[in-house]
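# Can you look at this prediction? I've put the sequence above it.
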Protein chains: 2
Amino acid sequence: MGKIKLIKFKLTTFKYEKPFHITGSISSQSNNIEVSIELDSGVVGYGEASPSFRVNGEKVEALLSLEPIINEALKGLDVQNYRQIFDITDKFFASPSIKAAVQYATLDAFSEEIGVPVYKILGGSKNKIETDKTVSIGSLEERVLDAKNIFEEGFRIIKIKVGENLKEDIEAMEKIYEVSKGAKYIVDANMGYTPKQAIKFAKEIYKKGIDIHVFEQPVPMHDIEGLKFVRFNSPFPVGADESAKTKYDVLRLIKEEAVDYINIKLMKSGISDALAIVEMAKAANLHLMIGCMGESSLGINQSVHFALGTGAFDFHDLDSALMLKEDKFRGKYKTEIPYHIAI
Amino acid sequence: MGKIKLIKFKLTTFKYEKPFHITGSISSQSNNIEVSIELDSGVVGYGEASPSFRVNGEKVEALLSLEPIINEALKGLDVQNYRQIFDITDKFFASPSIKAAVQYATLDAFSEEIGVPVYKILGGSKNKIETDKTVSIGSLEERVLDAKNIFEEGFRIIKIKVGENLKEDIEAMEKIYEVSKGAKYIVDANMGYTPKQAIKFAKEIYKKGIDIHVFEQPVPMHDIEGLKFVRFNSPFPVGADESAKTKYDVLRLIKEEAVDYINIKLMKSGISDALAIVEMAKAANLHLMIGCMGESSLGINQSVHFALGTGAFDFHDLDSALMLKEDKFRGKYKTEIPYHIAI
């Protein structure tokens, strides 16, 4: 028996090692919510919500206010019937990071009850994945130095944030390439370009002989026609992130043939929609990457187990815990070499 | 550790209580293959393939010949990494009933290793489902007597096979309705009608005030345009069975908006595609039913756990084991009342 006795929300704050700058947003800290689910048996499962106002419209104050409502909805349910809990928490779709944390804490508690790690409950596809690390927006010198350091740390997949200044972005890409030859690049505009700017960016980079493995979210989230236009006029695979939050979003992207890649983030979709998106993308021959918001090791743990269990991802952008100052590592995984995450 | 030591195929034959007649096919027995997966630990997991030449193009002789090849492909793998085994067996897509049995036996062995029933590994959505029972094709008197007996046994969902003679089918529906008022009907033409015949059938039945909850596979499997034509010109929900074998089939049906229902059968899809179809159908607002071929209790067990785990089905057509003569009941479920299946 694994009946839910009490669910607790706890606000936690983590400072970034240095401010994290992407299109339209600079963060110096991440305000997360730790979710714990205590069972009658005494077992406790943990999850973490890392809310995003920019992507999900979430405010941490509003999420914290849901604690008694979530308790009311789930108390007494058995975590062994985890799809029942998924179905109920799916109704909290306007607070997807809390939905994700509660759903994962459910799986974590189930896992502890039966002594089987979450990634095995989800299928145990892999026991090791490679994460990228991200170069945020900054001066040309900062961006190049960042990339150089990341490459020298041993990362061979580098994510590069662009989208605020087309000319500087092209210049930065060229200089970054010079200090990190051999790396694979994921370039993320976080909705910063118009479709035509995005195509110009892609063509210029292509002309310089630089390859981009995923060109993420070049245009605004609701511009699905724009995404498709970039996809069909760019030499690089185009991915949806902000445009792909729920399984319903992804079905539309599939029908419209708008993208090559989906970036799944548990904070946008929860476990339930993320599982659906994995299956839908594979049926539609789309490729997948997995990303994060500002999760600490507790939250990254969720995506690590999801990625290892489903084995569905070409790229893993799970670097937020590498960028946050944290007193105590709380993942049920280990970071073997700078760029590998393993069980 | 749950490493695969030996996989065995065993031909088993079950006689039908009476010949089972559907459009284009009369069966007096079901030739199935019992699949057992023995682990290093001594634990054994079981599955059952119930091949269909009509639907899947499978011949039991060809499936039996795969035993050494499947052993070669899977020996030494750990059932705890079940998605790895799913990925490998997905390549046996031309033998979907064997794929299903091997995939289920994997889950069954994993379940025995960890002491958690399969339906809980899959999410534990429900602990009880209601199955229908089927009236096969026969003389008007036989069909009505069958329906009367089924209704009197306590079944409240009755599946009615039609498709060989439009006029007789309409007459039979009317007479069956008279002896089973209060039952819900699933009507299955098994590809027997043309689109126009199917619409005529549906309209005639509608005029008589009889409701059909699912009008299954009115037209041939490859006639997706025909399915769609029936859907948009019939008062009843239209379902795909023979047209919906793989997740790729279902994606096409979704894109074409061809049906209201999908009938998932593990024998067509295996566990892997069935999981994908569940997720895709829910994202696309399609409804689901689950059906069977000629499985004994060992094979029906697979669909029972799948249905309870995912909780995805409006209707459960899991009656083959009720129609076969079997020496020993081998399901890890119980049949509580004639029409309920429970854990």
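Yes, it's here.

# In the stretch 201-343 of chain A, where is pLDDT below threshold?
A:338 (pLDDT under 70).

# for it, what spans make up the strands?
All strands of the stretch 201-343 of chain A, identified by DSSP state E, counting those that start in this stretch, fall at A:214-216, A:238-240, A:261-264, A:287-290, A:315-316, A:334-335, A:340-342.

# I'd like to know which elements the last one is packed against.
Just to be clear, that refers to strand A:340-342. With contacts taken as 3 or more Cβ pairs under 8 Å, 6 or more residues apart in numbering or on different chains; DSSP states H and E, strand A:340-342 sits against strand A:128-130, strand A:334-335. Every residue, glycine included, has its C-beta placed from N, CA and C.

# The shortest one: partners in the sheet, and parallel or antiparallel?
Right, the one you point to is strand A:334-335. Take DSSP bridges as the rule and strand A:334-335 pairs in its sheet with strand A:340-342 (antiparallel).

# wait, what's in contact with A:Leu166?
By Cβ atoms under 8 Å, 6 or more residues apart in numbering or on different chains, the contact list for A:Leu166 reads A:Tyr193, A:Gln197, A:Lys200, A:Phe201.

# Could you look up the SS state of the residue in the stretch 101-250 of chain A that chain B sits nearest to?
In the stretch 101-250 of chain A, the residue that lies nearest chain B is A:Gly123 (3.0 Å; Cβ to the nearest Cβ). Here A:Gly123 is coil, with the state taken from DSSP: H, G, I helix; E, B strand; the rest coil.

# residue boundaries of the helices in chain A?
Using DSSP state H, the helices of chain A run over A:53-56, A:60-64, A:67-74, A:82-89, A:96-114, A:118-121, A:140-153, A:166-179, A:195-207, A:224-231, A:247-256, A:266-283, A:297-310, A:320-323.

# Can you point out the buried residues in the second one?
So the one you mean is helix A:60-64. Residues of helix A:60-64 classed as buried by neighbour count (16 or more other Cβ atoms under 10 Å in any protein chain shown): A:Val60, A:Leu63, A:Leu64.

# Would you mind writing the CA trace of it as PDB?
Extracted C-alpha coordinates of helix A:60-64, given in PDB (Å, rounded to 0.1, in the frame of the first residue of the first chain):
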ATOM      1  CA  VAL A  60       5.500  31.000  -7.900                       C
ATOM      2  CA  GLU A  61       3.100  32.700  -5.400                       C
ATOM      3  CA  ALA A  62       0.100  31.200  -7.300                       C
ATOM      4  CA  LEU A  63       1.700  27.800  -7.400                       C
ATOM      5  CA  LEU A  64       2.400  27.800  -3.600                       C
END
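
# Please enumerate residues in contact with it?
A:Phe9, A:Leu11, A:Asn31, A:Ile33, A:Ala49, A:Pro51, A:Ser95, A:Ser97, A:Ile98.

# what about the residue of the stretch 101-250 of chain A closest to chain B, how many residues close to it?
24 (other Cβ atoms under 10 Å in any protein chain shown).

# any idea how far the nearest residue to it once chain neighbours are set aside lies from A:Asp314?
Distances taken as Cβ to Cβ, 6 or more residues apart in numbering or on different chains put B:Arg83 closest to A:Gly123, at 3.0 Å, once the chain neighbours are dropped. As judged by Cβ to Cβ, to the nearest Å, B:Arg83 and A:Asp314 stand 16 Å apart.

# again, but for A:Glu17
According to Cβ to Cβ, A:Glu17 stands 27 Å off from A:Asp314.

# and if you look at A:Leu288?
6 Å.

# which residues are common contacts for these two?
Residues touching both A:Leu288 and A:Asp314 (Cβ under 8 Å, 6+ apart) are A:Tyr261.

# So which of the two has more stuff around it?
The neighbour comparison of A:Leu288 against A:Asp314 (other Cβ under 10 Å) goes to A:Leu288, with 20 against 15.

# my guess is that one meets A:Lys265, correct?
No. Applying Cβ atoms under 8 Å, one finds A:Leu288 not in contact with A:Lys265, separated by 11.3 Å.

# For chain A, what lies in contact range of chain B?
When proximity is defined as Cβ under 8 Å from any Cβ of the partner chain, chain A approaches chain B at A:78, A:80-84, A:86-87, A:114-116, A:120-125, A:247-248, A:250-251, A:254-255, A:275-276, A:279-280, A:282-284, A:309-311.

# Please name the residues that touch the closest residue to A:Leu74 other than its chain neighbours.
Once flanking residues are discounted, A:Leu74 sits nearest to A:Ile4: 5.3 Å by Cβ to Cβ, 6+ apart. A:Ile4 makes contacts with A:Ile37, A:Glu38, A:Leu39, A:Asp40, A:Leu74, A:Lys75, A:Gly76, A:Leu77, A:Asp78, A:Val79, A:Ala109, as judged by Cβ under 8 Å, 6+ apart.

# of these, buried ones?
Applying 16+ other Cβ under 10 Å to the contacts of A:Ile4 flags A:Ile37, A:Glu38, A:Leu39, A:Leu74, A:Leu77, A:Asp78, A:Val79, A:Ala109 as buried.

# re the thing from before, farthest-separated two in the contacts of A:Leu166?
Greatest spatial distance among those (Cβ to Cβ): A:Tyr193 and A:Lys200, at 8.5 Å.

# between the two, who's got more neighbours?
A:Tyr193 (26 against 15).

# nearest spatial neighbour of that one, skipping sequence neighbours?
A:Pro218 (4.9 Å).

# From the structure, what's the count of residues near that neighbour?
A:Pro218 has 32 neighbouring residues, counting by other Cβ under 10 Å.

# wait, what's in contact with it?
Per Cβ under 8 Å, 6+ apart, neighbours of A:Pro218: A:163, A:189, A:191-193, A:195, A:197-198, A:201-202, A:226-227, A:230, A:238.

# and these, which two are the farthest apart?
Across the contacts of A:Pro218 (Cβ to Cβ), the longest gap, 15.5 Å, separates A:Met191 and A:Ala202.

# what residues go with each domain of chain A?
Chain A resolves into domains spanning A:4-116, A:121-342 when parsed by automatic domain parsing.

# wait, which of those is closest to B:Lys148?
domain A:4-116 (37.6 Å).

# Between the two ends of the closest one, how far is it?
19 Å (Cα to Cα, to the nearest Å).

# what do you get for stretch A:153-166?
First-to-last residue span, stretch A:153-166, Cα to Cα: 28 Å.

# quick one: that stretch to chain centroid distance?
Relative to its chain's centre, stretch A:153-166 lies at 15 Å (Cα atoms, centre = their mean, to the nearest Å).

# buried sites along it?
Buried, per 16+ other Cβ under 10 Å, within stretch A:153-166: A:Phe155, A:Ile157, A:Ile158, A:Lys159, A:Ile160, A:Lys161, A:Val162, A:Gly163, A:Glu164, A:Leu166.

# Give the buried residues for the lengthiest strand in chain A.
Counting by DSSP state E, the longest strand found in chain A is strand A:4-22. Residues A:Ile4, A:Lys5, A:Ile7, A:Phe9, A:Thr12, A:Phe14, A:Tyr16, A:Phe20, A:His21, A:Ile22 are the ones in strand A:4-22 that count as buried (16+ other Cβ under 10 Å).

# Let's see stretch A:252-268 as PDB, backbone CA atoms only.
Presented in PDB, the C-alpha positions along stretch A:252-268 are these (Å, rounded to 0.1, in the frame of the first residue of the first chain):
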ATOM      1  CA  ARG A 252      -0.800  20.400 -34.200                       C
ATOM      2  CA  LEU A 253       2.900  20.700 -35.000                       C
ATOM      3  CA  ILE A 254       2.800  17.200 -36.500                       C
ATOM      4  CA  LYS A 255      -0.300  17.900 -38.600                       C
ATOM      5  CA  GLU A 256       1.300  21.200 -39.800                       C
ATOM      6  CA  GLU A 257       4.600  19.500 -40.500                       C
ATOM      7  CA  ALA A 258       6.100  22.600 -38.800                       C
ATOM      8  CA  VAL A 259       9.300  21.200 -37.200                       C
ATOM      9  CA  ASP A 260      12.000  18.500 -37.200                       C
ATOM     10  CA  TYR A 261      12.600  18.500 -33.500                       C
ATOM     11  CA  ILE A 262      10.600  18.800 -30.300                       C
ATOM     12  CA  ASN A 263      12.300  20.000 -27.100                       C
ATOM     13  CA  ILE A 264      10.400  18.200 -24.300                       C
ATOM     14  CA  LYS A 265      10.700  19.900 -20.900                       C
ATOM     15  CA  LEU A 266       8.900  18.300 -17.900                       C
ATOM     16  CA  MET A 267       8.200  21.800 -16.600                       C
ATOM     17  CA  LYS A 268       6.000  22.500 -19.600                       C
END
